[in-house]
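[1] No letters, just coordinates:
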């Protein structure tokens with residue numbers, strides 16, 4: 001229970017990876033503030049933490065809206081008195097040819113995935129530095145390192161998050177705030193349909209990833225004893241981006 005009593009803000013916490021991250025911190029005794037645009041699912045996830053004996057608060061938040069980010073951090077502090085950990089997980093995507101991608105779609109993705117991560121970090125850091133420091137984890141993607149067609153906006157936003165990570169680590173380090181990044185690869189969240197054996201075989205680990213894998217990485221990076229990990233990007237992909245593939 002290395003996070004017992006810590007106040008943790010998780011964005012994009014209603015579904016998938018974010019939900020599992022929030023549940024993992026709740027199970028460790030942290031007080032969890034969940035942010036998402038999906039009020040029904042976000043409230044249900046907070047209730048699951050509470051039903052297990054933990055403390056949780058859901059705040060409906062669109063991280064593309066700076067005012068809503070400020071309100072989120074204010075509610076977190078009013079409810080629990082501090083912010084010790086922030087996990088920037090909220091993200092959206094549109095898979096569309098660059099010839100057809102609208103400016104509004106590009107802006108929505110970058111405003112949510114990248115600008116939202118920066119603004120959440122800045123607002124949380126204002127509170128963290130008043131309490132002796134803290135830890136921030138940005139959830140990026142291996143799509144910042146490799147691509148399929150039609151992922152320009154998403155890839156750019158995640159590449160930006162990787163760069164933002166070490167930039168913030170440099171700026172916030174004097175205030176005792178560590179900033180790290182996790183770049184998940186293929187994580188099964190129920191959107192891919194039935195997985196095949198060849199899907200698992202693309203990984204050195206012999207399987208597609210699970211949201212729990214990302215949650216455990218967050219717990220590791222935010223443990224106080226791991227304070228020498230700073231400005232890092234943890235590629236969490238079962239070795240998929242290191243596997244050489246030849247046509248048969």
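    Here it is on my side, so go on. Being a predicted model, the structure only gives us computed values, none of them experimental.
[2] For the rest of this, base every contact and every neighbour count on C-alpha atoms.
    Will do.
[3] longest helix in the protein, by residue count?
    Using DSSP state H, we find that the single longest helix of the chain is helix 152-172.
[4] Residues in contact with it: which ones?
    92-94, 98, 106, 109-110, 113-114, 117-118, 125, 138-141, 143-145, 147, 177-181, 230-233 (CA atoms under 8 Å, 6 or more residues apart in numbering).
[5] Now the buried members of those residues.
    With burial judged by 16 or more other CA atoms under 10 Å, the buried subset of these is 93, 106, 109-110, 113-114, 117-118, 125, 138-141, 143-144, 177-181, 230-233.
[6] So which of these are in strands?
    Among these, the residues falling in strands (DSSP state E) are 138-139, 177-181, 233.
[7] circling back to that earlier point, any idea of the mean pLDDT for the longest helix of the chain?
    For helix 152-172, mean pLDDT rounds to 98.
[8] State the distance from the most centrally placed residue in the chain to residue 14.
    By CA atoms, centre = their mean, the mean C-alpha position of the chain lies nearest to residue 89, the distance being 2.4 Å. Noted for residue 89: a distance of 11 Å to residue 14, by CA to CA, to the nearest Å.
[9] tell me which residues in the helix or strand of the chain with the lowest mean pLDDT are buried?
    Least confident element among the helices and strands of the chain, by mean pLDDT, DSSP states H and E: helix 197-201 (a mean of 91). Going by neighbour count (16+ other CA under 10 Å), the buried part of helix 197-201 is residue 200.
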